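Asker: Below is the structure, and that's it, no one-letter string:
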């Protein structure tokens with residue numbers, strides 16, 4: 001089923017195991033690099049419960065991006081999410097409305113075209129609107145373990161994308177970069 005079509009790309013749901021495996025191979029490439037064999041895949045237990053969205057080049061059908069969505073109908077289902085492995089999501093249990101977890105969002109590292117991202121975000125917007133999703137959440141990965149390389153991204157997240165206090169996740173992980181504290185006086189460079 002098509003979700004969104006742009007000038008060069010098309011977003012649609014994966015329709016079978018082979019297409020999900022293709023998305024998992026792309027995730028492997030995007031998150032871990034090419035050094036693991038051509039059939040290496042990024043797989044976890046959540047794949048079976050999620051809907052997978054594929055972003056394909058219209059002219060060739062090549063897979064250039066993907067993400068997955070997990071419907072979270074109410075607060076009782078939060079502990080069944082990928083994010084709940086790393087964060088205490090208890091603050092969201094009182095959220096009144098449909099939620100969705102966005103995960104494993106990636107673009108082929110060889111593709112340098114902002115239209116891929118715009119197509120993916122437009123597709124996600126279509127799904128959110130069609131299904132009445134009121135809150136979208138998920139985890140973000142940064143390459144490596146040196147947070148100073150991403151200070152601008154962290155500053156932007158702190159400045160514009162902090163949840164209301166009552167919904168803030170709590171830390172479960174033993175080691176975290178507390179960007180809210182470290183960047184208290186820093187404003188993102190929007191130039």
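Answerer: Perfect, thanks for sending it. Treat the numbers as computed from the prediction; the structure is a model and nothing was measured. Numbering: from 1, shown residues only.
Asker: from here on, contacts and neighbour counts on C-alpha atoms
Answerer: OK.
Asker: Can you show me the strands along this protein?
Answerer: 2-5, 9-13, 51-57, 63-72, 87-88, 98-107, 133-137, 170-171 (DSSP state E).
Asker: who does the fourth one touch, helix- and strand-wise?
Answerer: Put plainly, it is strand 63-72. Contacts defined by 3 or more Cα pairs under 8 Å, 6 or more residues apart in numbering; DSSP states H and E place strand 63-72 against helix 17-32, strand 51-57, strand 98-107, helix 114-131.
Asker: Low-confidence ranges, the chain, go.
Answerer: 1, 35-38, 177, 179-185, 191 (pLDDT under 70).
Asker: and it, what are its domains?
Answerer: 2-141, 145-191 (automatic domain parsing).
Asker: from these, which stretch is densest packed?
Answerer: Across those, averaging neighbours per residue (mean count of other Cα atoms under 10 Å) puts domain 2-141 on top, at a mean of 17.
Asker: Now distance to residue 159 too, for the strands of the chain, in JSON lines please.
Answerer: Formatted as JSON lines, the strands of the chain follow (distance: least, Cα to Cα, whole Å):
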{"stretch": "strand 2-5", "distance to residue 159": "30"}
{"stretch": "strand 9-13", "distance to residue 159": "30"}
{"stretch": "strand 51-57", "distance to residue 159": "29"}
{"stretch": "strand 63-72", "distance to residue 159": "25"}
{"stretch": "strand 87-88", "distance to residue 159": "21"}
{"stretch": "strand 98-107", "distance to residue 159": "21"}
{"stretch": "strand 133-137", "distance to residue 159": "17"}
{"stretch": "strand 170-171", "distance to residue 159": "19"}
